[in-house]
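Participant: Here you go, sequence then predicted model.
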There are 4 protein chains.
Amino acid sequence: MKSGRHFLQIPGPTNTPDRIQRAMHRAVIDHRGPKFAELGRSILEDLKAVFKTQNQVVIYPASGTGAWEAALVNVLSPGDKVLMYETGQFATLWKNMAQKLGFDPVFMQGNWRTGANAEAIEAQLTADTDHKIKAVCVVHNDTATGITSDIAAVRAAIDTAGHPALLIADTISSLGSIDFQTDAWGVDVVVAGSQKGLMLPPGLSFNTISPKAWAACEAGGDRRSYWDWRDMAAPNEQGFFPYTPATTLLYGLREALDMLAEEGLQAVFDRHARHAGATRKAVDAWGLNILASNPAERSNSLTAVLMPDEKGANALRAEILDSYDMSLGTGLNKVEDRVFRIGHLGDFNDLMLMGTLCGVEMGLMRAKVDFQRGGAQAAMEYLAGA
Amino acid sequence: MKSGRHFLQIPGPTNTPDRIQRAMHRAVIDHRGPKFAELGRSILEDLKAVFKTQNQVVIYPASGTGAWEAALVNVLSPGDKVLMYETGQFATLWKNMAQKLGFDPVFMQGNWRTGANAEAIEAQLTADTDHKIKAVCVVHNDTATGITSDIAAVRAAIDTAGHPALLIADTISSLGSIDFQTDAWGVDVVVAGSQKGLMLPPGLSFNTISPKAWAACEAGGDRRSYWDWRDMAAPNEQGFFPYTPATTLLYGLREALDMLAEEGLQAVFDRHARHAGATRKAVDAWGLNILASNPAERSNSLTAVLMPDEKGANALRAEILDSYDMSLGTGLNKVEDRVFRIGHLGDFNDLMLMGTLCGVEMGLMRAKVDFQRGGAQAAMEYLAGA
Amino acid sequence: MKSGRHFLQIPGPTNTPDRIQRAMHRAVIDHRGPKFAELGRSILEDLKAVFKTQNQVVIYPASGTGAWEAALVNVLSPGDKVLMYETGQFATLWKNMAQKLGFDPVFMQGNWRTGANAEAIEAQLTADTDHKIKAVCVVHNDTATGITSDIAAVRAAIDTAGHPALLIADTISSLGSIDFQTDAWGVDVVVAGSQKGLMLPPGLSFNTISPKAWAACEAGGDRRSYWDWRDMAAPNEQGFFPYTPATTLLYGLREALDMLAEEGLQAVFDRHARHAGATRKAVDAWGLNILASNPAERSNSLTAVLMPDEKGANALRAEILDSYDMSLGTGLNKVEDRVFRIGHLGDFNDLMLMGTLCGVEMGLMRAKVDFQRGGAQAAMEYLAGA
Amino acid sequence: MKSGRHFLQIPGPTNTPDRIQRAMHRAVIDHRGPKFAELGRSILEDLKAVFKTQNQVVIYPASGTGAWEAALVNVLSPGDKVLMYETGQFATLWKNMAQKLGFDPVFMQGNWRTGANAEAIEAQLTADTDHKIKAVCVVHNDTATGITSDIAAVRAAIDTAGHPALLIADTISSLGSIDFQTDAWGVDVVVAGSQKGLMLPPGLSFNTISPKAWAACEAGGDRRSYWDWRDMAAPNEQGFFPYTPATTLLYGLREALDMLAEEGLQAVFDRHARHAGATRKAVDAWGLNILASNPAERSNSLTAVLMPDEKGANALRAEILDSYDMSLGTGLNKVEDRVFRIGHLGDFNDLMLMGTLCGVEMGLMRAKVDFQRGGAQAAMEYLAGA
């Protein structure tokens, strides 16, 4: 048995705050009764502010992967072309899913160190003169690489190209952490999950649906049942769901929405930016490199750090888990063993971040990695405004 | 604010025991770390005893409706015929899903008062000489009607007909409440959920997969991603999942499996039978009829009670909710307003049942329903062995 | 392992509602910090409404027995005479405590079936012409006998006698269940605990202090430290305590005060009266006798039931615990094995009461007690207004 | 609302681990029933290992101050002399209590920077030729000064003096954090509380009672009731208590005893020593002084740090609370505003400590205290073994 609190600093699921855990520790109620209706209606309404949208939001009892699938099968018909951009492992997995489901992804290759290139997207769309491409899918913040792509620029690219494709964005590791503006950026379908900026355990996921996406859904889409938006609309109006909802997670979501509103969304984003800033100061002081090569695309919810000589990340993570009871994110696929990822998102504060960065620095010492000390010191000076 | 504890006597979700709520009130852990692996492996192994199977069990972060879909899309190809039997609303919904997903359900009509007729199934299969029917789907215990069908008899019917169809059974409201023997009864795919006999909140669902079902999955099935059994196999071996699992519900499942093992599965079934017996005594004494007309098919997890003159169930339920803070199940579809349903499943005991039955009896009085008093008294005498 | 929820129907500690348990499931905070000050001040202020007083209320991290001791040592000097009235076991224990602490209790004998006799108290005080008696101690609701004494009548008796003695009342099993009016009834010191009508676990207890009691405290009292009211006054003004408070129980108390305010104190009292009424209907129908022989003195928070032939209560309780997982109160001292006690106080409702009464009735059957069936039926008819 | 977890780094109450909070989140049970008996017996037995004693341990539903009073009133008669040693504010408060209770404390003056001087105690006892002194009271670890006194040396002093006085030790902030050997050190009465090394919320306190202390209790002691050891003995044998126990805190205690046993007492002490060592490295690097001037007496559970110029501690603490959501201990009485105290005890680990020390260092920066940076860095190097 290890003493004290585990530091869960993977880039999600994040540390669920006590307040949310308490909110979920409640008896299940009749999901067809009047108390549930009130709960459901209030959640479906208040979610809109978090997505910055007037569009309908739907909730699935499913992990984020489910919301990926829902986003595709409701608007694409079998064989439809869909433009997807390789920003890292999660973009890759989403592309694989599109293939398995029988769509035809055009996968624009990336280097895992930079975000979606709006100019390249524009060129691709412009070339698609007969509008075979039905949707453009971009991961707003790729959890594997810590790269945040400019969704407003992607929107502009589509518009400039005069292309009718839908814009679909994955905000799984950005919603509630990094500003995302569904309506201002003209995003037709948003994909999100419960377990990162929303501070809940995993088990819920979300889509938002623009009028244009609704039209695509009504007119076509793949065969679907569990994910079918059309079955959601009527019961959702009363606060109900077409099948048994994950009631306790919804209790937690109600509390999470209250917490975000109390702190204020902009304050939440500023806090994440501040913690990301301190983390980057530490990485710089350690003499290590951040995977995201473009400073403007560095994520505020996680930082993927390249190992010197690009190896040994797994041994480092094991050392840190063993010696300091902290979980960090592993390097996935192309960056396996080359990077470790520090999650600094969700319900978090300066001292939790300093515990985290000190854990990394002590782990670097113990694992005899070639680095410079002083990262935690640099972060402290940043946080203390010194 | 109402004082005291709400009586959640819908036929599921059921009253989650404190012990399970406590088990779920824990920090989320790294779903790719060694502690999670241990948890995942132990759950996947211990679930087999509950299903009475040696087959692999897969877990979805989804409600039971998701496991319905998974059962179909993994073994059926588009256009495949599937035999389904109308035992009530849930059988009907499953059939509708099969249609939406592009399969071709042959829906054997029932009267909502009796279970699946094995002889009729046998006849249907015998007539299917070119084996167009790929699967037979039966709801073991239809939650809308309180009817338990004889799955062993369905198995025998298939065998007698010498038909190669897979047998798929929905045990959503029977697993952990009414004996179900996956292997002894030769069930190829089982569908189950977390929120009834397993005593958890909703949010997890299950399939078991026989070797024959695996073969069908590998050889065909529909296009699929989230529900794809094939993606489960490799990570499950290590205790992991192909996408982020609903960790807190898994903590609860671990505890539920321990609780069922401590009480003993047979003792759990006996307890449900005893409570169903007492409930039936009460209904008889009230001079009311049970929807399930065949005594051998009356469910041990819920009892659907017909109103005198077959109307007024909704008003009665509203009166009981208002006056006695108890939720009962509503009549669905063909039995709308004609029946109310008493759930007596999950984590339950004699005094909770008596509170429930007294609540129904007092509600009948208050709602001025034409009935005989003395139902609770009859149940007490049954329970006291008097 | 027993399935379902234990019925804790002893007359306290009572069933702690989930809402209070959740409120207590919080991190401890600095008991000298600003957040604690806010908590402490609000509790100390809001407690006054529950006691119906403008007097100061003090809180001890201690069980109710501690508040008994505090009530005595703050106003009595060694050797002081104190008039105490035998209403049952708890009055007897309080008298024993007064003796151990070196005071001189005059114990007016009762028969354990009737409450404090105001006329007899008046006579006793009138005879005490040189005012040797410094205080009159009465248990408002004796938890051992289920007898509620008329405290307003005791106040009138003291006034009629023109006697300066302080009036001290124990409301441990009545506060928050049965109307008690500290100021209107001129009670100088009230003794209360957390674990009955306040719905909390045990661990906190209370005194209220009238100006006259404060004067007695300042002028005299016994040597004292932990219980010393004088050390409370200054820190309490800021919301603090003179030594480390039981923070988590205070969180629960904050919630309990909110719950009582939401339901409304009078509604809480009416609810207890209604449940006591139904319980008495059941006891009558069983052909059993209630220990409290005077109907006007029958407690609304518990009912002590005499066994036929006044024996066998322990065997009955053991049978009920074993067969129906319900704890009832035992007969204490003079009524050992002669009575069992049904607690119907705290966070309670009609169906919990019916479960309780059915459990008693089934236990009477199983234990082969000589009684009439139909008690639960009578209670239901009372509760249904039939 | 502040995001993330509050750092409660006062020297107690400490951060209650989730596991204990969960254990306390349980329904209260009948404190006179068989399940409670089992709980009570197991706790009373297993507590002995934590105190390293074969003596009886008694538990009070009270804060530690109550156990101080119990230790005195059970063995001292009014007017008895008791030798007490000024190691800080808590020794002073205990002396004040002895006076209020009518005993005659001989208070050996200390300078708040060093522990109990065994030689001086020996001299005092040797001079007490007619054995007027009935007990020697020493605070093992004074929470106000962070000074640990050598209790074995005090024992030796008493023995060398050939004096029959009882030895009474307060271990409130050392038990479960710093080695304490009741039997090996011949301590007659130990005073302890729940809210520090035992990791529980406040509300329980303890005495251990040597045969010699029992003899003193039986032969004399002051008038007493709530605190009377004699009333504990008989019910404790069965696992019961003489009055209603604080059940939920006992659930937590059961869990705490399990946690200490799982980690191993010696490992727990080593962990506290390691964290104290790292903290001292940080204080040294900051160029600040530790209040405890004698390195051998520096506490392993807290560190009291002197401000430069011995002022401004309150402003620093306010800055740290406001900017970093961390509570530190205030300077009490003679060291008011001169010191701040860092608690590093209870359920704690390296990263929580680093968060704590970084919070102090950032606070020192923000409050513009004259100090050297690099304390957190020094602590990290200590903890990483670099």
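Facilitator: Right, received. Where do you want to start? As the structure is a prediction and not an experimental result, all values here were calculated from the model. Numbers count the residues shown, from 1 in each chain, chains lettered A, B, ... in the order given.

Participant: Regarding stretch A:27-42, how distant is the last residue from the first?
Facilitator: Start and end residues of stretch A:27-42 are separated by 19 Å (C-alpha to C-alpha, to the nearest Å).

Participant: ranges for the strands of chain A?
Facilitator: Using DSSP state E, the strands of chain A run over A:7-9, A:56-61, A:81-85, A:104-108, A:133-139, A:141-142, A:147-148, A:166-170, A:189-193, A:204-209, A:289-290, A:302-306, A:326-328, A:339-343.

Participant: Which one of those lies nearest to chain C?
Facilitator: strand A:7-9 (16.8 Å; C-beta to the nearest C-beta). Backbone N, C-alpha and C define where each C-beta goes, glycine included.

Participant: Can you confirm whether the closest one lies near chain D?
Facilitator: Yes - on the criterion C-beta under 8 Å from any C-beta of the partner chain, strand A:7-9 is in touch with chain D at residue A:7.

Participant: strands paired with that strand, and their directions?
Facilitator: According to DSSP bridges, strand A:7-9 forms sheet pairs with strand A:326-328 (parallel).

Participant: Surely residue A:257 and residue A:47 touch.
Facilitator: Yes - in this structure, residue A:257 is within contact of residue A:47 by C-beta atoms under 8 Å, at 6.9 Å.

Participant: ok, those two, which is more surrounded?
Facilitator: When residue A:257 and residue A:47 are compared for neighbours, residue A:47 comes out ahead with 22 against 19, by other C-beta atoms under 10 Å in any protein chain shown.

Participant: Quick check: chain neighbours aside, which residue is closest to the residue in the stretch 1-150 of chain A that chain C sits nearest to?
Facilitator: Nearest to chain C in the stretch 1-150 of chain A, going by C-beta to the nearest C-beta, is residue A:22, at a distance of 5.1 Å. Sequence neighbours aside, residue C:22 is the residue nearest to residue A:22 in space, at 5.1 Å (criterion: C-beta to C-beta, 6 or more residues apart in numbering or on different chains).

Participant: For the one you found, give me the pLDDT.
Facilitator: Note on residue C:22: pLDDT of 97.

Participant: Neighbours of it, how many?
Facilitator: Residues near residue C:22, counting by other C-beta under 10 Å: 21.

Participant: same deal with residue A:276?
Facilitator: Under the neighbour criterion other C-beta under 10 Å, residue A:276 is assigned a count of 24.

Participant: quick check: domain ranges of chain A?
Facilitator: Domain assignment for chain A, taken from automatic domain parsing, gives A:7-14+A:265-383, A:19-261.

Participant: which stretch among those domains comes nearest residue C:94?
Facilitator: For those, proximity to residue C:94 was assessed by C-beta to C-beta; domain A:19-261 is nearest, at 38.4 Å.

Participant: Centre of the chain to the closest one, how far?
Facilitator: Distance, stretch centre to chain centre, for domain A:19-261: 10 Å (C-alpha atoms, centre = their mean, to the nearest Å).

Participant: Contacts only, for residue A:30.
Facilitator: Under the criterion of C-beta atoms under 8 Å, 6 or more residues apart in numbering or on different chains, the neighbours of residue A:30 are A:36, B:8, B:10, B:327.

Participant: hey, C-alpha coordinates of stretch A:2-13 in CSV?
Facilitator: C-alpha atoms of stretch A:2-13 as CSV (Å, rounded to 0.1, in the frame of the first residue of the first chain):
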residue,chain,number,x,y,z
LYS,A,2,1.3,3.4,-0.9
SER,A,3,0.7,6.3,1.4
GLY,A,4,-0.9,9.5,0.3
ARG,A,5,-2.7,10.4,-2.9
HIS,A,6,-1.9,9.0,-6.3
PHE,A,7,-1.0,11.7,-8.9
LEU,A,8,-3.0,10.9,-12.0
GLN,A,9,-1.2,13.1,-14.5
ILE,A,10,-2.1,11.2,-17.7
PRO,A,11,-3.8,13.6,-20.1
GLY,A,12,-7.2,12.2,-19.0
PRO,A,13,-9.1,10.7,-17.4
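
Participant: Can you list the buried residues in that stretch?
Facilitator: If you call a residue buried by 16 or more other C-beta atoms under 10 Å in any protein chain shown, then stretch A:2-13 has these buried ones: A:3, A:4, A:5, A:6, A:7, A:8, A:9, A:10, A:11, A:12, A:13.

Participant: On the pLDDT front, check the last one for me.
Facilitator: Same thing as residue A:13. On pLDDT, residue A:13 comes in at 97.

Participant: give me every residue that touches it.
Facilitator: By C-beta under 8 Å, 6+ apart, the contact set of residue A:13 is A:195, A:196, A:201, A:202, B:28, B:31, B:244, B:247.

Participant: What's the separation between it and residue A:143?
Facilitator: For residue A:13, the distance to residue A:143 (C-beta to C-beta, to the nearest Å) stands at 11 Å.
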